[in-house]
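Asker: quick check, what structure comes out for this input:
(one chain, ligands or ions: 1)
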Amino acid sequence: MKFQAPKGVSEYFPPRSRAFEWVRNGLITPAQRAGYQLLELPVFEDTELFTRGVGASTDVVSKEMYTFEDRGGRSITLRPEGTVGALRSIIEHGLDRTTLPTKIWYSGPFFRAERPQAGRYRQFHSVGIEAVGSDDPALDAEVIAIADAGFRSLGLKQFHLEITSLGDSASRAAHRIDLVAYIATIALDDATRERASLNPLRLFDDKRDDVKALMQKAPILLDYLSDYSKEHFATVQKYLSALEIEFIINPRMVRGLDYYTGTTFEFVHDLLGAQSGIGGGGRYDGLMAELGGQDLTGIGFGLGVDRALLAAEAEGVLPEGVFNTDLLFIPLGHDAKVKAMVFAHEFRSQGITTEVAFGDRTLKNAMKSADKSGSRFVVVLGDAELDNGQVELKEMSSGTARSVTLSTLADVLVKALLSS
Ligand code: HAM
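Answerer: The predicted model follows:
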């Protein structure tokens, strides 16, 4: 019996897993630097949380949830997204009872039973942030700027930012009247009409050409913004311009989740084909109250780690070498191995990534594996080296070696690593 991973899951193993880790950390760091704090969330929640929070009209809830009954007969769902779980936690633990906005970040696997293809998985990885409790348009710009900084820190350039506003409840109510009236005049099958009755905005997201063509003439929300929403959206744009973040206004953007209001955005990569959305998010005015919390607005994003990695590979921006081990010790003989273990232990505590070649191989074999290991430096430790306290520090990229006193090896390495 040969086991395989379930269909459509993303999985990372060496050496690519190092790049995955690097991308994920790169996407999280700007949020940490802006004072967002970790919320470590469960991977499953009560199903009701998602149906209520994400919205019954969405594909995510109606077709893509991994839902099962647990041993206690409760309906449980593997989280398809992070926002509603984050808000559940904020409400449950009273994190919204301190200085607002409450600013948190999270990262991990998410689950959607989609048809798998390149860049679209049934288990995928996202990092997200949520800022709850302020409607300040500067916060919208900050959230967008953090996402932008994450992508740029990876060296990505070939992507663009699309933004729109879905307005406040007054804007949406006014728009909905005209949109529903328009939808009543067009030919649609029953299932689509049913979906539209739950959320008419969903039709803007329909992938079929005939529906797309019909929706081209539909009234768009941006034309119905209340004075408050218009002013808010204009201010967000001013902040983005001050931050020199370029954007395109896409009034027909529809996100796959129902809770969005006000500023809504998507980062689209230009080289990824059909699955080009590398990140997205927006405001959610009624969601906290819908989930039983205070009536506070919030805004956040989710960035696709798998897709950001594909984008970095497509643009050829993954840095070489940063993932390599700094030093490999090749001990020859028992005494040397003890010494190598002791040195490796000590070097690691000084922040030098150090490996030891195990298995008592011959020098020739050990050097071959040193070539393969991707180690930047190699030190062979034999009886002679132990006796005279001198080792050859070999730099693998250039093949050059220099003689170093064992007691100063760590200092020499740190200097060499800093300057390389
Ligand atoms: P989302 O756009 O549905 O937003 O997901 C966030 C990101 O996850 C997407 O932009 C995409 O890069 C990635 N992604 C989504 N589905 C898949 C998949 N099947 N395979 C690979 N990558 C995928 C949210 O989930 C919201 N919770 C974001 C948010 C936070 N809005 C407000 N706060």
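Asker: got the residues of the chain near the ligand?
Answerer: 81-83, 112, 114, 119-121, 124, 126, 128, 130, 256-257, 277-282, 300-302, 304, 306-307 (Cβ under 6 Å from any ligand atom). Heads up, the C-betas are built off the backbone N, CA and C, glycines and all.
Asker: so of those, which ones are in strands?
Answerer: Counting by DSSP state E, the part of the residues of the chain next to the ligand found in strands is 124, 126, 128, 130, 277-282, 300-302, 304.
Asker: and which of these is nearest to Ser171?
Answerer: Gly282 (14.1 Å; Cβ to Cβ).
Asker: leaving out the residues flanking it, which one is nearest to Val412?
Answerer: Distance criterion Cβ to Cβ, 6 or more residues apart in numbering; nearest residue to Val412, sequence neighbours excluded, is Val404 at 5.1 Å.
Asker: neighbours of the one you found, how many?
Answerer: Using other Cβ atoms under 10 Å, Val404 has 19 other residues around it.
Asker: then the one 3 residues further on?
Answerer: When counting by other Cβ under 10 Å, one arrives at 8 neighbours for Ser407.
Asker: residues near the residue lying closest to His175 once chain neighbours are set aside, how many?
Answerer: Using Cβ to Cβ, 6+ apart and skipping residues adjacent in sequence, the residue nearest His175 is Tyr224, 3.9 Å away. Around Tyr224 sit 20 other residues, with neighbours defined as other Cβ under 10 Å.
Asker: close enough to count as contact, Tyr224 and Asp168?
Answerer: No. If you go by Cβ atoms under 8 Å, Tyr224 and Asp168 don't touch, sitting 10.5 Å apart.
Asker: beta partners of the residue in the stretch 251-400 of the chain positioned nearest to the ligand?
Answerer: Here the residue of the stretch 251-400 of the chain nearest the ligand is Gly304; by Cβ to the nearest ligand atom that distance is 2.2 Å. Beta-bridge pairing of Gly304 under DSSP bridges involves Ser126.
Asker: give the contact list for it.
Answerer: Gly119, Phe124, His125, Ser126, Gly277, Ile278, Gly279 (Cβ atoms under 8 Å, 6 or more residues apart in numbering).
Asker: ok, which pair from these is furthest apart?
Answerer: Using Cβ to Cβ, those reach their maximum pairwise distance at His125 and Gly277, which is 14.3 Å.
Asker: pLDDT below threshold where in the protein?
Answerer: Residues of the chain that meet the criterion pLDDT under 70 lie in 321-323.
Asker: what residues go with each domain of it?
Answerer: Domain segmentation of the chain under automatic domain parsing yields 16-168+226-315, 325-419.
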